[in-house]
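> Sequence and predicted structure, then a few things I'm wondering about:
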Amino acid sequence: MAILELGINLGNRNIFERQYYSASDNVLDPNLRAGFLSALESFSSEVFGDDINVVSLASFKLVCYSDLIALPGSEEKDNTQPLLYYAIIEKETETDVVKKHLKEINAHFLNRFPRNDIFSKKKKYFEKRFTTRIDDVLGDLRLKTEDRFRSIF
């Protein structure tokens, strides 16, 4: 039961990524993943009128939480972009717990960074200033079961 990777996308651009475990040697480009998730979010919103929540794959699950934020200097609803938080988790990990943590991370992120920074800064900026906060929020949920036992002994 662990989060393998966590990330934040602004539209189709990845602005934060934290890998706890490598799923394979074929690592997917974060911006390609961001584009896929953006398209999936747009599709589910337009076709079903709903946000993506959990995508279940053979070995993993993808848990998402989305929040719309307005462009800097704009409060109009039409001038927003989705801020999508995602976690790639082991199949047996409880998705409701992960979703709760993604919502908490969203609150911390929006409290920590002004909209100008969110829209203009590069990935390294956020990773340098926000990695410790995310690790604190996730706690031992970022560890596989065997690693939790190993840390006890």
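Thanks, I have it.
> Give the buried residues for stretch 82-94.
82-89, 93 (16 or more other CB atoms under 10 Å). For every residue, glycine as well, the C-beta is placed using N, CA and C.
> and of the residues you listed, the nearest to residue 105?
residue 85 (6.0 Å; CB to CB).
> Now that closest one, what are its backbone angles?
Per-residue torsions, residue 85: phi -100, psi 130 (degrees, to the nearest 10).
> need the contact list for it.
Contact analysis of residue 85 by CB atoms under 8 Å, 6 or more residues apart in numbering lists 6-8, 64-67, 102, 105-106.
> what does stretch 128-140 rub up against?
Contacts for stretch 128-140 (CB under 8 Å, 6+ apart): 3, 6, 16, 18, 101, 104-105, 108-109, 112-113, 142, 148, 151.
> Pull out the buried members of the residues you listed.
3, 6, 16, 18, 101, 105, 109, 113, 142.
> shouldn't the fourth one be in contact with residue 30?
No: look at residue 18 against residue 30 with CB atoms under 8 Å: they stay out of range, at 10.7 Å.
> Show me whatever sits in contact with both of these two.
By the contact definition CB under 8 Å, 6+ apart, residue 18 and residue 30 are jointly contacted by residue 7.
> Residue ranges in this protein under the pLDDT threshold?
1, 22-29, 42-52, 75-77, 143-153 (pLDDT under 70).
> Okay, strands next: where are they in the protein?
Here the chain has its strands, by DSSP state E, at 3-10, 13-19, 54-56, 60-70, 80-90.
> Mind putting those into JSON lines with distance to residue 41?
Formatted as JSON lines, the strands of the chain follow (distance: least, CB to CB, whole Å):
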{"stretch": "strand 3-10", "distance to residue 41": "9"}
{"stretch": "strand 13-19", "distance to residue 41": "13"}
{"stretch": "strand 54-56", "distance to residue 41": "11"}
{"stretch": "strand 60-70", "distance to residue 41": "6"}
{"stretch": "strand 80-90", "distance to residue 41": "6"}
